[in-house]
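Engineer: model the structure of this input:
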Amino acid sequence: LSGSLAGGSTLASAVTTGDIHRRIDGYLNLTAFATAPQLYPVQCLTDPNFCTTDFGNLGRNVFRGPRQQNWDFSLIKNLTLTERQTLRFTIDFFNIWNHANFGNPTVNDVETIFCSPGVNGCPASGINPSTPFGKITSTVGTPRLIQFSLRYAF
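Structural biologist: Presented below is the predicted three-dimensional model:
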């Protein structure tokens, strides 16, 4: 089930701003989210079997992950040795600028954000400071690769 945006929050305010290298531990703004409302709040007070949540107001795929770049480049030199013999030298660069491409946040369950204030070191705000929600923990793609090739044709 999906979560909800907290009152006064928008999709734009739910994503933190600035350089991606500074936002790895907080790609999403924790205070912009709220748990989905309970389906049966009155019955939940007496019977824990009724403590299920309704659907939140966030749809699927409403956020995009960090921007990614991957530049490939090739240099080719053809040399004619004789009328029938050629030599071809090639250098291929994959991810030539060696950009780090960060993956999406791995934990996107809104329920992991909240805790009971005063219980197990939970602050008065009720937001769990050690939650993995919205943190980027991986990269995608490969680092810079360089490939040389030499082809002799006769």
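
Engineer: every contact and neighbour count from this point should use C-alpha atoms.
Structural biologist: Noted.

Engineer: the spatially most central residue of the chain in helix, strand or coil?
Structural biologist: Nearest residue to the geometric centre of the chain (CA atoms, centre = their mean): Asn104, 1.4 Å. Here Asn104 is recorded as coil under DSSP: H, G, I helix; E, B strand; the rest coil.

Engineer: now do the SS call for the residue nearest to it when sequence neighbours are not counted.
Structural biologist: Closest residue to Asn104 apart from its sequence neighbours, by CA to CA, 6 or more residues apart in numbering: Gly65 at 5.0 Å. Reduced to three states with three-state DSSP, the structure at Gly65 is coil.

Engineer: so what's Gly65 up against?
Structural biologist: Gly65 is in contact with Gly103, Asn104, Pro105, counting by CA atoms under 8 Å, 6 or more residues apart in numbering.

Engineer: and the second one, how far is that from Thr139?
Structural biologist: This points to Asn104. Separation of Asn104 from Thr139 (CA to CA, to the nearest Å) stands at 8 Å.

Engineer: repeat for Val110
Structural biologist: From Val110 to Thr139 the distance is 22 Å (CA to CA).

Engineer: quick one: which of the two has more around it?
Structural biologist: Regarding Val110 and Thr139, a neighbour count based on other CA atoms under 10 Å identifies Val110 as having more, with 20 against 12.

Engineer: what about the helices in this protein?
Structural biologist: 11-14, 41-44 (DSSP state H).

Engineer: Throw those helices into a markdown table and include distance to Gly126, mean pLDDT and mean neighbour count, thanks.
Structural biologist: Listed next are the helices of the chain as a markdown table, based on distance: least, CA to CA, whole Å; pLDDT from 0 to 100; neighbours: other CA atoms under 10 Å:
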| stretch | distance to Gly126 | mean pLDDT | mean neighbour count |
| --- | --- | --- | --- |
| helix 11-14 | 18 | 91 | 14 |
| helix 41-44 | 19 | 89 | 12 |
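
Engineer: which of the ones you listed sits closest to Gln147?
Structural biologist: Among those, helix 11-14 comes nearest to Gln147, with 41.6 Å by CA to CA.

Engineer: and that closest one, C-alpha only, in PDB?
Structural biologist: Extracted in PDB, the C-alpha atoms of helix 11-14 (Å, rounded to 0.1, in the frame of the first residue of the first chain):
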ATOM      1  CA  LEU A  11       5.800  16.100  -4.800                       C
ATOM      2  CA  ALA A  12       8.400  18.800  -5.400                       C
ATOM      3  CA  SER A  13       9.000  19.400  -1.700                       C
ATOM      4  CA  ALA A  14       9.400  15.600  -1.000                       C
END
